[in-house]
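A.B. asks: okay, predicted coordinates and the sequence, questions at the end:
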Amino acid sequence: MDKFDLITQNLEEVLTPEELKILIDNKEKLVHYIGFEISGLVHLGSGLLSCMKIKDFQEAGVQTKIFLADWHAWINEKLDGKLETIKKIGVGYFKEAFIATLEAIGANPKKTEFILGSDLYHNADKYWLTVVEVAKNTTLARTQRSIDILGKKLGEGTDFAKLMYPIMQASDIFFMDVNLAHAGMDQRKAHVIAKNVANNLSFKPLLNKNKQKIKPVALHQHLLLGLGKPPRDPKELSKEELQDLRAEMKMSKSKPDTCIFVHDSPSEIERKIMKAYCPPPLLSSGQATDIEYNPVVDWTINLILPLKNNINIKTQSGAKNYKNKESLINDYQNEIIHPMDLKEAVIKELQQILNPIYKHFQSGRPQKLLGELMHIKA
RNA sequence: CCAAGGGUCGCAUAGCGGUCAAUUGCACGAGGCUGUAAACCUCGCGGGCUUGCCCUACGCAGGUUCGAAUCCUGCCCCUUGGACCA
């Protein structure tokens, strides 16, 4: 597979493919980054899915970085709200979880640079110059609209630091010389800010080999659905409301059983998948359901298939191997695959994929780090 | 700093001297029904048990009262407005 395909496969959006082609054609050094708030347990959406892309990037010869966004987590009041705690968890548990996940899916943790926000910002005049410069080139309204990155709606009680979040996020990209900014679809507004201000920066612009200012390419991956039922009926919503719904439905740590963590035990995996919302194509009322909002199907086509390239499903008419999402969806829609069959298959696959991570966290330092995190949460 | 309003069991709401472990909705949990889940129905939803009582609870600390989530005082925090702006 060529570089472009490796870099873009299984993504939901590339901003823009043309810019990416130019980077590749000009043999620019490709520098990737993905940032994570240090916010608690690492789940499949942030952990697995992102690491799968990191593997692709590594295979394409891209330099990969994981940014441990402790300041951002602090701004967003994660964990106990204290920067010190967040920092500690970041370099401890969080880093450990990503290393284990990268290993489990065959990526190389040693080729991934982990950068802690606090370290990046320490004594870094140019960073703060860039923050101000990004801010000077972004309107208040635009910044406000970007706040939903934080998973919160802008309300009366919003403190000002929250407005700094997207500005800092955009600045991170430039300060780390990142030309491939990778994140979930929910982060696109911050990336768009970065692209919009790219040509106006003077202190730390993003440059190509010829020292010309360029915009970072933004790579956005699918947001895995949480395992719960959609809070509203998709059929009755407008396009914009559908986007909101999508955001509401993404896997979230705050909804305990709607997400699976990278180090969940085989029995936890089974329990959670069995509880998952998974409507058949037709309800008994004769009404059709929207497969787009079926989390188990979503996980199968966006997680299992990209990772394993196929999935075995035992149906009442026998076992069948699926290699692409089209045939799988087709059989699900035609009730050849029963929801229960799909669940059983997904449970098996996930247990297998996640087992090394589970084991990794069963003893020694990783276990201790996880224990400490659980303690803070309680 | 001033003024007004406000802080109730995860969230949101009601209560405004005893009938309040505190209303209602959501969320959550258990069971029933489904080849899964959802929907639906029933129950539970501060803790402990000998199931009636005990303990701990309505921002924090005191006070008034036989009795306070409810009244008073002080403090903390939030919201909105104002004042200040060399």
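C.D. replies: Great, that's in hand.
A.B. asks: and residue A:46, how far from residue A:218?
C.D. replies: Going from residue A:46 to residue A:218 by CB to CB, to the nearest Å gives 17 Å. Any C-beta I mention is one placed from the backbone N, CA and C, and that applies to glycine too.
A.B. asks: now do residue A:147
C.D. replies: Distance from residue A:147 to residue A:218, by CB to CB: 18 Å.
A.B. asks: now swap in residue A:115 and tell me
C.D. replies: 19 Å.
A.B. asks: who has more neighbours out of these two?
C.D. replies: Taking neighbours as other CB atoms under 10 Å, residue A:115 and residue A:218 compare with residue A:218 leading, 24 against 16.
A.B. asks: count the neighbours of residue A:121 for me.
C.D. replies: Neighbours around residue A:121, by other CB under 10 Å: 17.
A.B. asks: not counting sequence-adjacent ones, nearest residue to it?
C.D. replies: Leaving aside its chain neighbours, residue A:121 sits nearest to residue A:127 (5.5 Å; criterion: CB to CB, 6 or more residues apart in numbering).
A.B. asks: again with residue A:39
C.D. replies: Nearest one to residue A:39, counting by CB to CB, 6+ apart, is residue A:78 at 4.0 Å.
A.B. asks: so what strands line up beside the host helix or strand of residue A:219?
C.D. replies: Take DSSP states H and E as the rule and residue A:219 turns out to sit in strand A:217-221. Within its sheet, strand A:217-221 is paired with strand A:11-15 (antiparallel), strand A:180-184 (parallel), according to DSSP bridges.
A.B. asks: and the nearest residue to residue A:38 once chain neighbours are set aside, what pLDDT?
C.D. replies: Distance criterion CB to CB, 6+ apart; nearest residue to residue A:38, sequence neighbours excluded, is residue A:90 at 4.0 Å. pLDDT recorded at residue A:90 is 84.
A.B. asks: let me see the contact set for residue A:90.
C.D. replies: Contact analysis of residue A:90 by CB atoms under 8 Å, 6 or more residues apart in numbering lists A:38, A:68, A:70, A:73, A:116.
A.B. asks: swap in residue A:367?
C.D. replies: Taking CB under 8 Å, 6+ apart as the test, what residue A:367 contacts is residue A:361.
A.B. asks: may I have the helix or strand harbouring it exported as PDB, CA atoms only?
C.D. replies: Element membership for residue A:367 (DSSP H and E) is helix A:364-377. Listed next in PDB are the C-alpha coordinates belonging to helix A:364-377 (Å, rounded to 0.1, in the frame of the first residue of the first chain):
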ATOM      1  CA  GLY A 364       3.600  -5.000  38.700                       C
ATOM      2  CA  ARG A 365       3.900  -1.300  38.000                       C
ATOM      3  CA  PRO A 366       1.000  -1.100  35.500                       C
ATOM      4  CA  GLN A 367      -1.300  -2.700  38.000                       C
ATOM      5  CA  LYS A 368      -0.100  -0.200  40.700                       C
ATOM      6  CA  LEU A 369      -0.600   2.800  38.300                       C
ATOM      7  CA  LEU A 370      -4.100   1.700  37.500                       C
ATOM      8  CA  GLY A 371      -4.900   1.200  41.100                       C
ATOM      9  CA  GLU A 372      -3.700   4.700  41.900                       C
ATOM     10  CA  LEU A 373      -5.900   6.100  39.200                       C
ATOM     11  CA  MET A 374      -8.900   4.200  40.500                       C
ATOM     12  CA  HIS A 375      -8.200   5.600  43.900                       C
ATOM     13  CA  ILE A 376      -8.200   9.200  42.700                       C
ATOM     14  CA  LYS A 377     -11.500   8.600  40.900                       C
END
